[in-house]
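In: structure of the sequence below:
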Amino acid sequence: MAIICPTVLAEDPGAYREQMARIEPFATRIQIDLADGKFAPNKTISIAQVYWPENLTADLHLMYDQPSEHLETIISLNPNLVIIHAEAAGDIRAMVLELQSVGIKTGIALLKGSQPSEHEDLISMADHILLFAGDLGHFGGTADMDVLKKIPDIRAINPMAELGWDGGVNRENTPLLVQAGIEVLNVGSFIQQADDPQAAYKVLFNLME
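Out: This next block holds a predicted model:
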């Protein structure tokens, strides 16, 4: 069954604490979005400021131009999953292998304009593929549902990888995403900006059944 994965995207430690507090009471798995102000237009807290409650499974989504520069800190945090953009600079393949060698699952994210055929090597070795369909580095993006057309090509390259989606998840498109084969729905504004975050989470959860 697919899962709802609330996201945290904060530009300062105070906002990070507030967002984490909103989702901790009900979330089981979360995605922490980190941006360097280069690969993504905005800048979030640094990876050195990241933490999460022990009862949560945490994924890190790195919107970094040079993600390998942070490898040592990432390994020390020991997250469930690290998602690296295929379009980032540096030796992404070596970083994937290093993370997997220490037992950290690794995902590859594809921006809207990227095609699976351009990154077959990275997709073939990944534990998770994140289809990015919103506005990089921001809450409240609109989902580009045409991104779902990439799924058959991804499955042809790596039929075993977990499929994630990031960008514009709401009550209208949740059933469509699940039907298309998305297994992890990363949700930002629909939950974080709701008057009742837990109720918003339950709305999406119920739509998956």
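In: where do the helices sit along the protein?
Out: 13-23, 71-77, 92-101, 120-125, 151-157, 174-180, 189-192, 197-207 (DSSP state H).
In: contacts only, for the residue nearest the centre of the chain.
Out: Of all residues in the chain, the one closest to the mean position by Cα atoms, centre = their mean is His61, 4.8 Å from it. Counting by Cβ atoms under 8 Å, 6 or more residues apart in numbering, His61 touches Thr7, Gln31, Ile32, Asp33, Leu34, Ile83, Ala109, Leu130, Asp166, Asn186. Just so you know, the C-beta spots here come from the backbone N, C-alpha and C atoms, and that holds for glycine as well.
In: kindly recompute the last result at 10 Å.
Out: 7-9, 31-35, 81-85, 107, 109, 130, 132, 164, 166, 186 (Cβ atoms under 10 Å, 6 or more residues apart in numbering).
In: buried ones only from the residues you listed, please, as a ChimeraX command.
Out: Listed next is the ChimeraX selection for buried residues among the contacts of His61, using 16 or more other Cβ atoms under 10 Å:
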select :7,8,9,31,32,33,34,35,81,82,83,84,85,107,109,130,132,164,166,186
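In: looking at the contacts of His61, which are in strands?
Out: Among those, the ones falling in strands (DSSP state E) are 7-8, 31-35, 81-85, 107, 109, 130, 132, 164, 166, 186.
In: pLDDT weak spots in the protein?
Out: By pLDDT under 70, the low-scoring segments of the chain are 137-140.
In: try it again with 80
Out: Across the chain, residues meeting the criterion (pLDDT under 80) sit at 134-141, 209.
In: report how many residues lie close to the residue nearest to Glu118 when sequence neighbours are not counted.
Out: If you skip the residues right next to it in sequence, Glu118 has Ala86 as its closest partner in space, 7.6 Å away by Cβ to Cβ, 6 or more residues apart in numbering. Ala86: 19 surrounding residues under other Cβ atoms under 10 Å.
In: ok, Ala86 to Leu130 distance?
Out: Taking Cβ to Cβ, to the nearest Å as the measure, Ala86 falls 10 Å from Leu130.
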